Every structure is written in structure tokens, then in C-alpha cells.
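# Structure, please.
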Amino acid sequence: MAIKNNRVKSTNDIELQDRLVAINRVTKVTKGGRTFTFAAIVVVGNGNGIVGWGLGKANEVQAAIAKGVEAAKKNLIRVPVHKGTIPHEQEAKFGGSRVILKPASHGTGVKAGGAMRAVLESVGVTDVLCKSKGSSNPHNLVKATIEALGEMRSPAQVAQHRGISVDKVFNG
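Numbering: from 1, shown residues only. Sure thing, here's the model as predicted:
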């Protein structure tokens with residue numbers, strides 16, 4: 001994964017909101033009957049460029065969600081959001097899911113479905129075009145979307161890497 005340089009170090013002063021993406025009920029059949037457990041995938045973000053995901057498993061739904069939120073807080077990344085959209089087009093793949101993210105003009109909205117929408121709204125993106133191909137498994141879609149967002153580079157990062165000014169990044 002290429003998102004190691006965008007990791008968020010401390011979460012003490014960040015106000016995070018959590019979103020439940022999916023809950024999966026797992027049934028285990030034993031001699032005494034059926035035992036139900038729950039797995040919850042949760043996305044947290046501050047709506048201003050920070051997002052993370054977590055998976056929690058427990059015997060009750062609320063406990064699984066709480067565990068997922070705690071796991072997500074340990075897995076935060078910083079994403080460059082430029083005027084409510086992403087800085088450039090990006091593709092990523094995780095498992096059988098493949099996602100394509102494209103920047104959009106103001107007023108377009110978040111054109112994404114389900115798990116991708118939760119991640120993009122949590123990070124604070126308001127205008128973006130998305131396409132998912134392959135598996136629609138929410139776990140893999142969330143991970144592929146986070147992977148794509150983690151690979152995003154701001155214009156300032158591109159300029160610094162190339163050793164030129166930010167104006168020359170756009171004007172060539």
C-alpha cells in the first residue's frame with residue numbers, strides 16, 4: 001500500500017464522525033443451538049480531509065460498531081481535498097473490487113454508491129464522479145476507496161517533488 005506517508009499521527013484534537021457502512025450477521029451452529037455474532041465495518045472522518053475505516057466483531061451490534069469505531073481511529077489517513085473535490089483522477093484495486101475516482105466541477109455532488117459514498121462524504125468531498133467495477137463487497141470497496149484516496153497528491157506535493165512552483169504544475 002502506498003498510503004504510509006499520509007498517516008495521521010494523533011487523534012486527540014480531531015473531531016471525528018462515524019458512519020456505519022455494513023453489518024454482517026454470522027451464525028454458528030453448535031450442539032446447544034445457533035449462536036449469532038455481528039461484524040460491522042465503520043468509516044470515520046472529520047469532513048476536512050481525514051478518514052479511516054475499521055472492522056469490529058462482537059456478540060451484539062452496538063459492541064461491534066463501537067469496536068469498529070475504535071479500530072477506525074487507529075487507521076486514519078490525510079487526503080488532499082481541493083475546493084470540495086479530489087485533485088486528480090485515481091484508480092485502485094483491493095481484492096476483487098476496483099474503483100475509479102474522478103474530480104468533478106462544483107455542484108455535481110457525490111456520484112458514488114453505497115460504501116464508496118460513505119468514505120467520500122466522511123473525508124469531506126462534495127463533488128466527485130466514481131465508478132466501481134468487479135466485486136461490490138462493502139469491505140473491499142471501502143478498502144479500495146481508502147487506497148485510492150491515500151495515493152492522492154496535492155498540487156503542492158507534486159510541485160515539491162518536481163522541484164518547480166505550484167503555478168508551473170498547472171501551466172506546464
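
# All the helices of this structure, residue numbers only.
61-73, 114-123, 138-150, 155-162, 166-171 (DSSP state H).

# CSV please, covering those helices and showing mean pLDDT, mean neighbour count and distance to residue 41.
To be clear about C-beta, it is placed using only N, CA and C from the backbone, and glycine gets the same treatment. As requested, the helices of the chain are arranged in CSV below (pLDDT from 0 to 100; neighbours: other CB atoms under 10 Å; distance: least, CB to CB, whole Å):
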stretch, mean pLDDT, mean neighbour count, distance to residue 41
helix 61-73, 96, 18, 6
helix 114-123, 92, 24, 8
helix 138-150, 94, 24, 6
helix 155-162, 81, 14, 29
helix 166-171, 72, 12, 36
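
# Out of those, which gets nearest to residue 97?
helix 138-150 (3.8 Å; CB to CB).

# residues contacting the residue lying closest to residue 42 once chain neighbours are set aside?
Once flanking residues are discounted, residue 42 sits nearest to residue 68: 3.5 Å by CB to CB, 6 or more residues apart in numbering. The contact partners of residue 68, by CB atoms under 8 Å, 6 or more residues apart in numbering, come to 18, 20, 40-42, 54-56.

# how about a cut-off of 10 Å?
Residue 68 sits next to 18, 20-21, 23, 39-44, 53-58 when contact means CB atoms under 10 Å, 6 or more residues apart in numbering.

# Show me which of those are buried.
For the contacts of residue 68, a burial check counting by 16 or more other CB atoms under 10 Å picks out 18, 21, 23, 39-44, 53-56, 58.

# in the chain, which spans are strands?
17-30, 33-45, 50-58, 76-78, 90-94, 97-103, 110-111, 128-134 (DSSP state E).

# quick one, the second one and strand 50-58 angle?
I take that to be strand 33-45. 170 degrees (axes from the mean of the first three to the mean of the last three CA atoms, to 10 degrees).

# What mean pLDDT does strand 33-45 get?
Summarised as a single mean, pLDDT over strand 33-45 is 96.

# and what of the fourth one?
Here strand 76-78 scores 93 as its mean pLDDT.

# What of the last one?
For strand 128-134, the per-residue pLDDT values average out at 94.

# Could you pull out the buried residues of it?
Under 16+ other CB under 10 Å, the buried positions of strand 128-134 are 128-130, 132.

# Please report the distance of residue 58 from residue 35.
12 Å (CB to CB, to the nearest Å).

# Kindly report the same for residue 150.
With CB to CB as the criterion, residue 150 and residue 35 are 37 Å apart.
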